[in-house]
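K.L.:
sequence isn't available, so here's the structure alone:
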């Protein structure tokens with residue numbers, strides 16, 4: 001609904017996952033409609049390729065949505081896209097597969113890479129990073145107030161045996177955190193912080209947002225679902241900045257067209273209803289913001 005799908009429109013799902021949103025978009029597209037699915041995860045691409053065989057309106061691309069502008073330019077659709085959807089963070093299949101290392105509820109290799117074929121795993125990083133860097137990541141990206149305690153424990157532990165599995169990290173955090181939140185697993189924030197850092201999620205988000213402005217056609221929409229305050233703050237500030245337009249000194253007489261406003265916000269942030277959360281508990285922290293390109 002937020003994307004206001006046109007039957008002959010051109011859309012991009014920058015976070016394909018397992019195609020839940022893609023299927024809903026395809027259901028509303030006519031024969032001339034087109035949908036580009038993007039994902040870092042090779043398993044997501046394999047899934048999308050199977051759908052693509054049955055539905056030629058879908059085209060899959062493996063890579064980071066951070067390069068959305070270059071992807072659109074390469075496909076000659078720059079400035080021609082009717083809508084872009086981003087469902088940020090880790091996907092349910094990634095969480096549910098213990099072998100991916102994202103979940104503190106399942107034991108498996110301490111990996112956390114959305115694309116397991118590139119970059120450094122969480123285990124490798126925790127083996128090499130110094131105490132200050134680990135502390136900074138836990139505090140900045142995980143908003144973990146006991147980041148220094150956890151970091152010290154990691155450094156001490158690796159003197160004898162580096163961390164290799166998710167449960168090893170969970171056990172270490174349980175021992176390092178002096179005060180437990182009865183409503184949240186003590187490992188929640190640390191796993192979030194490490195995952196965001198390993199996958200460069202916040203810097204990728206900033207890159208994709210600036211790219212979306214060039215990708216969308218006038219009247220095209222962006223719908224972005226965030227799952228924690230760090231992501232949502234970036235999206236909120238980006239939309240606000242481009243709704244307001246260029247900054248000019250206070251009191252300077254400026255005509256409306258000189259403000260260079262590029263977006264209009266479509267309503268306020270939308271959160272999951274109690275009914276939606278009951279059906280899908282992972283939606284409890286979801287926040288969606290919608291904006292439309294002006295010119």
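P.N.:
Received it, and whenever you're ready, just let me know what you need. Being a predicted model, the structure only gives us computed values, none of them experimental.
K.L.:
burial check on residue 127, number of neighbours?
P.N.:
Residue 127: 15 surrounding residues under other C-beta atoms under 10 Å. For the C-beta atoms, the positions are set from N, CA and C on the backbone; glycine is no exception.
K.L.:
dump the residue contacts of it.
P.N.:
For residue 127, the contact set (C-beta atoms under 8 Å, 6 or more residues apart in numbering) comprises 158, 162-163.
K.L.:
contacts for the lengthiest strand in the chain?
P.N.:
Under DSSP state E, the strand in the chain containing the largest number of residues is strand 216-226. Taking contacts as C-beta under 8 Å, 6+ apart, the residues outside strand 216-226 that touch it are 2-4, 79-89, 212, 232, 235, 266, 286-295.
K.L.:
select from those residues every entry located in helices.
P.N.:
212, 232, 235 (DSSP state H).
K.L.:
and those residues as JSON lines, adding distance to residue 261?
P.N.:
JSON lines is the format used below for these (distance: C-beta to C-beta, whole Å):
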{"residue": "212", "distance to residue 261": "16"}
{"residue": "232", "distance to residue 261": "22"}
{"residue": "235", "distance to residue 261": "17"}
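K.L.:
tell me the pLDDT at residue 178?
P.N.:
Reading off the confidence values, residue 178 has pLDDT 90.
K.L.:
in which helix or strand would I find it?
P.N.:
According to DSSP states H and E, residue 178 maps onto no helix or strand at all.
K.L.:
how near is it to residue 153?
P.N.:
Noted for residue 178: a distance of 11 Å to residue 153, by C-beta to C-beta, to the nearest Å.
K.L.:
who has more neighbours out of these two?
P.N.:
Using other C-beta under 10 Å as the criterion, residue 178 and residue 153 rank with residue 153 on top: 18 against 8.
K.L.:
quick check: that one touching residue 174?
P.N.:
No: if you go by C-beta atoms under 8 Å, residue 153 and residue 174 don't touch, sitting 10.1 Å apart.
K.L.:
tell me what the residue nearest to residue 267 when sequence neighbours are not counted is bridged to.
P.N.:
Of all residues not flanking residue 267 in the chain, residue 290 sits nearest, at 6.4 Å (C-beta to C-beta, 6 or more residues apart in numbering). For residue 290, the beta-bridge partners under DSSP bridges are residue 223.
K.L.:
contacts only, for residue 290.
P.N.:
Residue 290 neighbours (C-beta under 8 Å, 6+ apart): 2, 221-224, 265-267, 270.
K.L.:
of these, which is the nearest to residue 40?
P.N.:
Taking C-beta to C-beta as the measure, residue 40 sits nearest to residue 224 out of the contacts of residue 290, at 17.0 Å.
K.L.:
how much space between the closest one and residue 216?
P.N.:
For residue 224, the distance to residue 216 - C-beta to C-beta - is 13 Å.
K.L.:
just after the helix or strand of the chain with the lowest mean pLDDT, pick out the following helix or strand.
P.N.:
Between all helices and strands in the chain, the lowest mean by mean pLDDT, DSSP states H and E belongs to helix 92-96, at a mean of 77. Downstream of helix 92-96, the first helix or strand assigned by DSSP H and E is helix 122-128.
K.L.:
please point out which parts of that following helix sit buried.
P.N.:
122-123, 125-126 (16 or more other C-beta atoms under 10 Å).
K.L.:
how long is stretch 139-157 end to end?
P.N.:
One end of stretch 139-157 to the other measures 20 Å (C-alpha to C-alpha, to the nearest Å).
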